[in-house]
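> fold the following.
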Amino acid sequence: MTLAVAINAIFASVSQAHTNSCVSSTDGFWDEARIWSLAKPPSIRQSAILITNAASETITIDNTTATHFKSTLTISNLSISALSGSDALYLDNTGSIALHILNDLIIGISLNNFGDQEHGGGELLNTNSTLIVDGLLGGQLEDDGTLVITGGSLITTNCSLLVGTSFDGLLIISNGVVQARDISIALGDNAIGTMEVIGGTMTLSSSLTVADGFSGTQGYLLVANGCVLVVTNAATTMGADFYCYGSITVTNATILASDMGVGEGGGGALSIEAGTVTLEGSLIFGDQSNGSVSLNGGMLVATNSPTLLGGEMGYGAITVEDGIFLAQEILVGSEYQSYGIVTVNGGAMHLSSNLQVGGVGLSSAGVFVNGGQLVVTNSSISVSGANGGSIAVSGGLLAANYINLDVRDIESGIYNPITGTFVVTGTLAINGGSVTASTGITLGDCASNTLGQIILDDGLMTVTNAAHTGFIDIQNGQLVLSSGLLQVDKLVMTNTCSSFVHTGGTLIVGGVILDPNAFQITSVAREGNDLLITWLMAPGQTNALQVSSGGIHGIYETNGFVDIFIVTNNTIAGSLTNYLDIGAATNKPSRYYRARLSP
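Residues are numbered from 1 along each chain as shown. As a prediction, this is how the structure comes out:
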């Protein structure tokens, strides 16, 4: 209560006082009375300190000022700007003795003769010094000029730190310590805000926003050279409003954050060149806008909550060139009218939970593995939804526990920028590299009229495990093997909605489970002294017609069958073929036929 009364008393007296303006046309020191309009140095009793005259000068606060004129360093408000030229304030090695601004610090904003704001030239340079802005009367630190912190510290724990509020602002922090409440980079329409944090630490107690203007606003944040940025109490957002763009680039640095939104209304981008970005909460790319992440080294960790690529009516994309992305669940294009893309060209992406590709109406999603690793061995990969999505593997490794291809419509629509072709939705297309599934793969569902398709043109596909129970179950769709190697423990086609086309490559299958109506002898018809036997063939293996005269007295036995006709070039399940057994109608006492699949 005593502190509150004291501060209120100070501001009550300040409100009755005058501003103190720099009137010098040459450089000078902060404590020199000659350079000020009130003919005395700054004081808390003055309503504002203005370094805004037309002449370009630098006012310095050095160790002498900090030691012998410490009382001049606590002020109410400070404005640094010049309509013509550039005014600057230089804090030169004052150490822990702070320039303490109780309310407002404004850099680079001037008023013209009509009282309108204009962009002015203003700089505040801090070398191994301390700058504190409190914002006690609703003020804040507004940087629309240049603010450079080299060593030392910047403290805005009770107010907002804003870079590029109405015009263009630049904040560079090199090996310093920053403690802030919330930070916003680029706020006003058409404003450009840039912050570079090179080394040192920056800790926020609230949110970080990069670009939040409506039209043409651009915000850029660089975190580099061992810097540690901590934003664990509130969200980090890039591109928070329509028609703006915000980006964060991480180079050999660390970010610890809570939830992160990349493109939430406006465009956003996260680029990790090296270092680590670790999230305690969710990661969203492209919520009603465009958002992307590029991992070119280092690590991205989002293992506590889902990662969403493409929110409602948005576009989200992640590209892994190098480094490691550790995620919990990833939802790719799962929202209404969303579009999501995952591209793995190198490095590794490991999921502890599901990978969902596609979702509700009018969504599109694609996963492209061209190198590196995409590993989902603890849960399932699901390609589903009305329009669904697709997975294309041309290199590297896709490793899964279980894959489900289950879309409403199979149609062209997902563009693969690596091959320059469109991948049919609901499809797992393999044109190189390898795909493994330890439990199995299911294609479509006859009952719900959903579809799935696998096309193996090259590379290796393995569906197997130690118990030899790995399966490909074609319930409604097609498996096409034209090149490469397919190894599966069990190939299941138990209804008329399934087909297997084998035109090339190598098939290694432990067992085939077929629809009894799709692999059987359909008729035995007499043609004179001959018998015409017709049957539905199974694909991928040798189809042989066998005959036996039975056992003693012509009774049926399973032994004694021999091949009389072999088909080796069948590629489609359910194809009809026949064989005319010459003179078979005259044989006695009996004649038995059966169709057989052989490896």
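
> wasn't residue 64 part of a helix?
Yes: remark: residue 64 belongs to a helix, assigned using DSSP: H, G, I helix; E, B strand; the rest coil.

> so that it lines up with my notes, have the first residue be 48 from now on.
New numbering, starting at 48: the last item is residue 111.

> who touches it in this structure?
Residue 111 makes contacts with 76, 78, as judged by Cβ atoms under 8 Å, 6 or more residues apart in numbering. For glycine as for every other residue, the C-beta is placed from the backbone atoms N, C-alpha and C.

> same question for residue 100.
So residue 100 contacts 68-72, 129, 134 (Cβ under 8 Å, 6+ apart).

> let's see it at 7 Å
68-70, 129, 134 (Cβ atoms under 7 Å, 6 or more residues apart in numbering).

> given the strand or helix carrying residue 323, what are its sheet partners and their directions?
Secondary structure assigned from DSSP states H and E places residue 323 in strand 322-326. Strand 322-326 pairs in its sheet with strand 300-304 (parallel), strand 337-349 (parallel), by DSSP bridges.

> pairing partners for the helix or strand following the longest one, with directions?
Which is strand 337-349. The helix or strand immediately downstream of strand 337-349 is strand 354-356, counting by DSSP H and E. Applying DSSP bridges to the sheet, strand 354-356 is found paired with strand 330-334 (parallel), strand 377-379 (parallel).

> still on that earlier bit, got the strands paired with strand 322-326 as a markdown table, with mean neighbour count and mean pLDDT columns?
Compiled in a markdown table, those are given as follows (neighbours: other Cβ atoms under 10 Å; pLDDT from 0 to 100):
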| stretch | mean neighbour count | mean pLDDT |
| --- | --- | --- |
| strand 300-304 | 21 | 98 |
| strand 337-349 | 22 | 96 |
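
> outside of stretch 120-127, which residues touch it?
With contacts defined as Cβ under 7 Å, 6+ apart, stretch 120-127 is touched by 61, 89, 91, 93-99, 108, 113, 134, 136, 144-154, 169-171, 186, 192.

> one more time with 6 Å, if that's ok
Identification of contacts with stretch 120-127 by Cβ atoms under 6 Å, 6 or more residues apart in numbering yields 61, 89, 91, 95-99, 134, 136, 146-154, 169, 171.

> ok, and what's touching the strand holding residue 323?
By Cβ under 6 Å, 6+ apart, the list of residues contacting strand 322-326 from outside reads 297, 299-304, 307, 345-349.

> still on that earlier bit, let's have the strands paired with strand 322-326 in JSON lines, adding distance to residue 448.
JSON lines is the format used below for the strands paired with strand 322-326 (distance: least, Cβ to Cβ, whole Å):
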{"stretch": "strand 300-304", "distance to residue 448": "30"}
{"stretch": "strand 337-349", "distance to residue 448": "20"}
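
> which among the contacts of residue 100 end up buried?
Among the contacts of residue 100, the ones that count as buried by 16 or more other Cβ atoms under 10 Å are 68-69, 129, 134.

> farthest-apart pair in the residues you listed, please.
Greatest spatial distance in the buried ones among the contacts of residue 100: 68 and 129, 11.7 Å, computed using Cβ to Cβ.

> hmm, back to that, using PDB, write down the CA coordinates of the strand holding residue 323.
In PDB, the C-alpha atoms belonging to strand 322-326 read as follows (Å, rounded to 0.1, in the frame of the first residue of the first chain):
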ATOM      1  CA  GLY A 322      19.200 -26.200 -32.300                       C
ATOM      2  CA  THR A 323      16.000 -27.300 -30.600                       C
ATOM      3  CA  VAL A 324      12.400 -26.200 -30.400                       C
ATOM      4  CA  THR A 325      10.500 -28.000 -27.600                       C
ATOM      5  CA  LEU A 326       6.700 -27.500 -27.000                       C
END
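
> what about that strand, distance to the chain center?
In this view, strand 322-326 has its centroid 13 Å away from the chain centroid, taken as Cα atoms, centre = their mean, to the nearest Å.

> now do stretch 247-257
Remark: stretch 247-257 is offset 21 Å from the chain centroid, using Cα atoms, centre = their mean.

> after the least confident helix or strand in the chain by mean pLDDT, which helix or strand is next? Please name it.
The helix or strand of the chain with the poorest confidence is helix 49-62; it has a mean of 44 (mean pLDDT, DSSP states H and E). As assigned by DSSP H and E, the chain's next helix or strand after helix 49-62 is strand 67-68.

> need the contact partners of the helix or strand following that following strand.
Sequence-wise, the next helix or strand downstream of strand 67-68 (DSSP H and E) is strand 75-76. Outside strand 75-76, the residues that touch it by Cβ under 6 Å, 6+ apart are 82, 106-107.

> go with 7 Å
The contact list for strand 75-76 (Cβ under 7 Å, 6+ apart) reads 82, 106-107, 112.

> what's the farthest-apart pair in the contacts of residue 100?
Spatially, the most separated pair among these is 70 and 129, at 12.8 Å (Cβ to Cβ).

> what residues are up against residue 101?
Residue 101 neighbours (Cβ under 7 Å, 6+ apart): 129-132.

> separate out the buried members of those.
Neighbour-count burial within those applies to residue 129; the criterion is 16+ other Cβ under 10 Å.

> may I see the contacts of residue 101 organised as a markdown table, with secondary structure added?
Formatted as a markdown table, the contacts of residue 101 follow (three-state DSSP):
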| residue | secondary structure |
| --- | --- |
| 129 | coil |
| 130 | coil |
| 131 | coil |
| 132 | coil |
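
> and stretch 385-401, how far apart are its ends?
The first and last residues of stretch 385-401 sit 19 Å apart, counting by Cα to Cα, to the nearest Å.

> I should have written stretch 558-574 there, sorry.
Taking Cα to Cα as the measure, stretch 558-574 stretches 36 Å from start to finish.

> quick one: average pLDDT of stretch 100-107?
Stretch 100-107 carries an average pLDDT of 90.

> from the chain's centre, how far out does that stretch sit?
Stretch 100-107 sits 47 Å away from the centroid of its parent chain (Cα atoms, centre = their mean).

> got the CA coordinates for that stretch in PDB?
Extracted in PDB, the C-alpha atoms of stretch 100-107 (Å, rounded to 0.1, in the frame of the first residue of the first chain):
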ATOM      1  CA  ASN A 100      14.700  17.800 -32.100                       C
ATOM      2  CA  ALA A 101      15.600  18.100 -35.700                       C
ATOM      3  CA  ALA A 102      19.400  17.900 -35.300                       C
ATOM      4  CA  SER A 103      20.900  14.500 -35.400                       C
ATOM      5  CA  GLU A 104      22.600  14.000 -32.000                       C
ATOM      6  CA  THR A 105      23.600  11.200 -29.600                       C
ATOM      7  CA  ILE A 106      23.000  11.600 -25.900                       C
ATOM      8  CA  THR A 107      25.100   9.400 -23.800                       C
END
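
> so for it, what gets flagged as buried?
Neighbour-count burial for stretch 100-107 flags 100, 104, 106-107 (criterion: 16+ other Cβ under 10 Å).

> next: stretch 260-277.
Buried residues in stretch 260-277, counting neighbours by 16+ other Cβ under 10 Å, are found at 260, 264-272, 274-277.

> before we move on, what about stretch 481-488?
481-488.

> equivalent analysis for stretch 372-386, please.
372, 374-382, 384-386.
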